[in-house]
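> Need the 3D shape of this:
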Amino acid sequence: MSKQLSTSAKISQQFGKRILEQVIADGYGMKGKSKWVVEAIREFLKLDDYPELVDIADEMDNLNGVITFRLSEDLLVELETAVVKIRKIYPSLEGVKSNIIRASILQRLIRKFQVT
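Residues are numbered from 1 along each chain as shown. This is a model prediction of the structure:
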């Protein structure tokens, strides 16, 4: 099993509240946020159009809160690879890793990914 690392991304407080509500509604409990977010990121990175969705997530504003969660080194490497891919398409995009995280969460909320 790979080492677990802590990471975070800026989000709006309202978005953070919505995430916690959905984590609980999906049956992950109060301590299941990291698992829920990790699953969201993994599913998001499987989408063919995820770079475009990350660009859309860049439009989020009111980033006055923070979401912190734990992820594996393997997933962190996948995230870094995705950052490079997105930077090639959108070279001026700032905060790409945070945008990926926000877009992943948003897409899970919208699409209700079925995780098996």
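
> hmm, which helix or strand of the protein has the shakiest average pLDDT?
helix 50-57 (a mean of 88; mean pLDDT, DSSP states H and E).

> Other residues contacting it?
With Cβ atoms under 8 Å, 6 or more residues apart in numbering as the test, helix 50-57 has contacts from 44, 47, 82, 85-86, 89-90, 93, 96, 99-100, 102-103, 106-107. Where C-beta positions appear, they are placed from N, C-alpha and C, glycine not excepted.

> Show me which of those residues are buried.
Among those, those classed as buried by 16 or more other Cβ atoms under 10 Å are F44, A82, I86, Y90, L93, V96, N99, I100, R102, A103, L106, Q107.

> can I get those residues in CSV with secondary structure, distance to G29 and pLDDT?
Formatted as CSV, those follow (DSSP: H, G, I helix; E, B strand; the rest coil; distance: Cβ to Cβ, whole Å; pLDDT from 0 to 100):
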residue, secondary structure, distance to G29, pLDDT
F44, helix, 22, 96
A82, helix, 28, 97
I86, helix, 32, 95
Y90, coil, 36, 92
L93, coil, 34, 88
V96, helix, 31, 93
N99, helix, 28, 93
I100, helix, 25, 96
R102, helix, 23, 94
A103, helix, 25, 95
L106, helix, 22, 93
Q107, helix, 22, 94
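
> Could you give the number of residues near Y50?
Counted with other Cβ atoms under 10 Å, residues neighbouring Y50 total 20.

> Okay, the residue most central in space within the chain and G27: tell me how far apart.
The centroid of the chain falls nearest to I101 when counting by Cα atoms, centre = their mean (2.3 Å). In this view, I101 and G27 are 22 Å apart by Cβ to Cβ, to the nearest Å.
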